[in-house]
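In: Quick one, what's the 3D model for this:
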Amino acid sequence: MCIKPEIMMILAAGRGVRMDYLTQDKPKPLIQVNGRTLLDRIIDRGLEAGIQNYVVNTCYKAEMIETALSNRSDISVHFSREETALETGGGVLNALPRLLPSGENGFYASNADPLWIDKTTSVFNQLAKAWNPEKMDILLALVPKQNAFGDVHDGNYFIENGLPRRQRPEEKDIPYLFMGVQILHPRIFNHTSPGIFSLRDLYDKAEKSGRLGYIIYDGEWYHVGTPTALADTEKKIKELK
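Out: Numbers count the residues shown, from 1 in each chain. Here you go, the predicted structure:
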């Protein structure tokens, strides 16, 4: 079964405190990498995969993000403003009315700070090809650690018996990282109360019920989480052009 989502949520409400001085006058999604913002780069990748409808949550310096995206005439975008940042899970739940009915069979969701370079086909198309809402509530894009660059930690997922399993605190040498890109089915939020919580809670819920899917992304992934990672990413991307 292949049901391609029609809408994407971009999580853009965070402050990006680890970016230090770079987020004093702007929100992290508007930081530029080689002259183009992180947010625009994600939308550019979405458009390449045929995604034209977006919901973006905002909080810190919300007006700047809303103004920047309102200047794009090539997409349809709606905003979900948060008075207090609700983290990833709370932010998506708060925006859910804007994602429906287009996302009733699933919608893309992406953090605002990863970048990636496709090797074969778009990560969004890879997700859509693997998405089966009859068997999954969440589908994660994972990348092998050796293909991850920038602000990269020790990894967070194993693959066991054909399913992803999140690492336990004592485990090391975890082979896969979550890219911050996924498909979510709205039913995963059933019986979930509004408020501040992480999507990670829902990943664990889906994992426990055997309804957490995955793809292994075959391109390169860059996490721009610190000023050093930003500089390294700009250099790496220039080298690849």
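In: Can you tell me the closest non-neighbouring residue to the residue most central in space within the chain?
Out: Centroid-nearest residue in the chain, with C-alpha atoms, centre = their mean: S110, separated by 2.0 Å. Spatial nearest neighbour of S110, excluding adjacent residues (C-beta to C-beta, 6 or more residues apart in numbering): V181 at 4.8 Å. For every residue, glycine as well, the C-beta is placed using N, CA and C.
In: Mind listing the strands the helix or strand containing I215 pairs with, and their directions?
Out: Taking DSSP states H and E as the definition, I215 sits inside strand 212-216. Next to strand 212-216 in the sheet, as set by DSSP bridges, lie strand 138-144 (parallel).
In: And for the following helix or strand past the strand it pairs with, what's in contact with it?
Out: Beyond strand 138-144 on the C-terminal side, the first helix or strand identified by DSSP H and E is strand 148-150. Here strand 148-150 makes contact (C-beta atoms under 8 Å, 6 or more residues apart in numbering) with 177, 220-225, 229-230, 232-233, 236.
In: at 6 Å what do you get?
Out: 177, 221-224, 229, 232-233, 236 (C-beta atoms under 6 Å, 6 or more residues apart in numbering).
In: Read off the pLDDT value for the residue nearest to V17 when sequence neighbours are not counted.
Out: Nearest-residue entry for V17: T23, 7.1 Å, with adjacent residues in sequence omitted and distances by C-beta to C-beta, 6+ apart. On the pLDDT scale, T23 is placed at 92.
In: you'd agree T23 is up against G16?
Out: Yes: with contacts counted by C-beta atoms under 6 Å, T23 reaches G16, the gap being 4.4 Å.
In: Might you report the residue contacts of I43?
Out: Shown here is I43, which makes no contacts under the criterion C-beta under 6 Å, 6+ apart.
In: Now with 8 Å, please.
Out: 10, 54, 69, 72, 75.
In: Show the model's pLDDT score for it.
Out: 97.
In: could you dump the host helix or strand of it to CSV, C-alpha only?
Out: Following DSSP H and E, one finds I43 within helix 38-48. The C-alpha coordinates for helix 38-48 follow below in CSV (Å, rounded to 0.1, in the frame of the first residue of the first chain):
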residue,chain,number,x,y,z
LEU,A,38,17.3,26.1,7.0
LEU,A,39,13.6,26.5,6.7
ASP,A,40,13.7,27.3,3.0
ARG,A,41,16.0,24.4,2.3
ILE,A,42,13.5,22.0,3.9
ILE,A,43,10.6,23.4,1.9
ASP,A,44,12.7,23.3,-1.3
ARG,A,45,13.3,19.5,-0.7
GLY,A,46,9.5,19.1,0.0
LEU,A,47,8.6,20.9,-3.3
GLU,A,48,11.0,18.6,-5.2
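In: elements contacting whichever helix or strand comes after that helix?
Out: Downstream of helix 38-48, the next assigned helix or strand under DSSP H and E is strand 53-58. Under the contact definition 3 or more C-beta pairs under 8 Å, 6 or more residues apart in numbering; DSSP states H and E, strand 53-58 sits against strand 7-11, helix 38-48, helix 62-70, strand 76-81, helix 87-99.
In: Quick check: which of those is buried the most?
Out: strand 7-11 (a mean of 25; mean count of other C-beta atoms under 10 Å).
In: Sheet-wise, list the partners of that strand with their directions.
Out: Strands that pair with strand 7-11, judged by DSSP bridges, come out as strand 53-58 (parallel), strand 107-111 (parallel).
In: Now do whichever strand in the chain runs longest: distance to the chain's middle.
Out: Longest strand of the chain, by residue count under DSSP state E: strand 176-184. Strand 176-184 has its C-alpha centroid displaced from the chain centroid by 6 Å (C-alpha atoms, centre = their mean, to the nearest Å).
In: Quick one: mean pLDDT for that strand?
Out: 97.
In: Whichever helix or strand comes after it packs against which elements?
Out: Counting by DSSP H and E, the next helix or strand C-terminal to strand 176-184 is helix 199-208. Contacts defined by 3+ C-beta pairs under 8 Å, 6+ apart place helix 199-208 against helix 87-99, strand 138-144, strand 163-166.
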